[in-house]
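In: kindly generate the corresponding structure for this input.
(one chain, ligands or ions: 1)
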Amino acid sequence: MDCTENGPLGLGAVVVPSQGDATSPEVVAEVEGSYLRLSDAEFRARIRNAYRRMVACDLCPRCCGAHRLAGDTGYCGGALKANVFVWNLHRGEEPPVSGTRGSGTVFLSGCNLNCCYCQNYPLSQLHHGTQMSVGQLAAALVELQAKGAHNINFVTPSHQVPQLLAAVFAARQEGLHIPIVYNTSSYDEPSTLALLDGIVDIYLGDLRYTDEAVAMQLSGVADYVQVAERALIEMHRQVGDISIDEQGRYVPRGLIVRYLILPHHAGMAREVFGFVSRRLSLRTYVSVMTQYFPAYKAFDRVLGISRKLTDAECDRVMRTWSRSGLVHGWVQDMGDNGEA
Ligand code: SF4
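Out: Numbers count the residues shown, from 1 in each chain. Presented below is the predicted three-dimensional model:
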């Protein structure tokens with residue numbers, strides 16, 4: 001049986017509003033992106049440093065050494081130009097991100113992970129998308145702002161940080177002022193995240209596994225847990241926790257940790273919540289995702305994830321959450337299937 005709503009799951013003291021709940025009609029405070037306060041000189045230096053790292057690419061923990069400036073393609077599929085699948089207004093993210101008007105989401109192609117269950121595999125693994133110049137991407141960001149987006153939300157950005165920095169810088173000169181969201185698997189290098197300090201306002205960071213062997217089997221990466229935990233600590237250092245202002249609106253600055261429950265692996269929740277509560281903050285907002293369905297290679301029964309979640313698995317995670325001391329977050333249920 002599939003799990004459905006978060007209502008009957010015995011949530012104890014945990015505050016778990018559903019995705020659609022709003023704290024006020026405005027939901028998200030209108031604030032300008034932190035990057036407006038960065039000097040041109042500092043911004044340019046960050047961009048230069050980022051591009052320099054594409055000579056023998058070490059932008060992400062794969063450190064595969066591709067000479068992307070010379071036209072090589074790395075493990076992630078990343079080359080010199082940004083590869084973008086689509087950009088649009090998206091309302092399926094967490095309330096501080098989607099707000100009332102939607103998030104200006106930029107779906108990037110390629111990925112430094114190789115998740116066998118990826119629901120976006122045409123982008124992440126097959127690299128469907130369009131190579132865009134910095135100017136073209138900057139124009140897309142300005143277009144999203146003109147459509148009313150609360151923010152610019154880069155999805156799977158870890159391998160395209162230089163291009164994104166350059167595009168935000170160029171778009172700033174064209175009037176871009178809304179906050180930047182970095183929406184990541186958390187397989188990120190802290191030194192690359194440091195280039196984003198003072199530029200990104202919201203980190204949407206996954207914590208997918210707490211077992212390196214499972215990460216290796218399902219995502220083809222040997223050190224996911226240690227890398228992701230280190231990255232989340234750096235993200236939290238930069239932006240802290242999401243807060244609510246005096247008008248009851250979310251202030252769009254902070255870290256949101258996403259946890260996707262996988263079939264047969266609900267037991268990892270204990271360590272996920274334990275890490276967040278002990279190493280980040282008890283005020284961290286956690287987004288628990290129960291909408292897993294098999295996609296891509298996950299139909300292979302050998303992998304053990306060829307079905308949806310059961311009620312018992314969801315129930316177990318909710319009970320673990322209620323005992324964790326974490327008091328903020330959301331559950332994305334089956335009704336949100338595929339949108340987050
Ligand atoms: S970002 Fe891509 S090219 Fe660079 S090290 Fe990682 S996998 Fe390799």
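In: count of neighbours near the residue in the stretch 51-200 of the chain that the ligand sits nearest to?
Out: Proximity to the ligand, evaluated over the stretch 51-200 of the chain using Cβ to the nearest ligand atom, is greatest for G74 at 2.0 Å. From N, CA and C alone the C-beta is placed, and that goes for glycine too. Close neighbours of G74, defined as other Cβ atoms under 10 Å, add up to 21.
In: hang on, isn't it packed against C63?
Out: No. Under the criterion of Cβ atoms under 8 Å, G74 lies out of contact with C63, with a separation of 9.7 Å.
In: what do the two both touch?
Out: Residues touching both G74 and C63 by Cβ atoms under 8 Å, 6 or more residues apart in numbering: C57.
In: what about stretch 121-136, near the ligand?
Out: No. Stretch 121-136 lies out of reach of the ligand by Cβ under 6 Å from any ligand atom, never closer than 11.8 Å.
In: ends of that stretch, how far apart?
Out: Start-to-end span of stretch 121-136 (Cα to Cα, to the nearest Å) is 24 Å.
In: secondary structure class for the residue of the stretch 51-200 of the chain closest to the ligand?
Out: At G74 the chain is in coil, as set by DSSP: H, G, I helix; E, B strand; the rest coil.
In: do the same with S287
Out: Judged by three-state DSSP, the three-state class of S287 is strand.
In: can you pull the residues of the chain lying near the ligand?
Out: Checking the chain against the ligand by Cβ under 6 Å from any ligand atom, the hits are 57-60, 62-64, 66, 74-76, 78, 112, 159.
In: who's in contact with the host helix or strand of L255?
Out: If you go by DSSP states H and E, L255 is part of strand 254-260. With contact meaning Cβ under 8 Å, 6+ apart, strand 254-260 is reached by 94, 96-97, 202-208, 232, 235-236, 239-243, 269, 272, 276, 280, 284-289, 292, 340.
In: got the contact list for I180?
Out: 33, 35, 151-152, 154, 168, 199-202.
In: could you rerun that using 6 Å?
Out: By Cβ atoms under 6 Å, 6 or more residues apart in numbering, the residues touching I180 are 33, 152, 200-201.
In: likewise R91?
Out: Neighbouring residues of R91 by Cβ under 6 Å, 6+ apart: 98, 102.
In: measure it to R101 for me?
Out: Distance of R91 to R101, computed by Cβ to Cβ, to the nearest Å: 8 Å.
In: ok, V239 next?
Out: Counting by Cβ to Cβ - V239 and R101 are separated by 22 Å.
In: what of R270?
Out: From R270 to R101 the distance is 37 Å (Cβ to Cβ).
In: same deal with P157?
Out: Using Cβ to Cβ, P157 is found at 22 Å from R101.
In: quick one, which of those two is more surrounded?
Out: For P157 versus R101, neighbours defined as other Cβ under 10 Å are more numerous around P157 (23 against 14).
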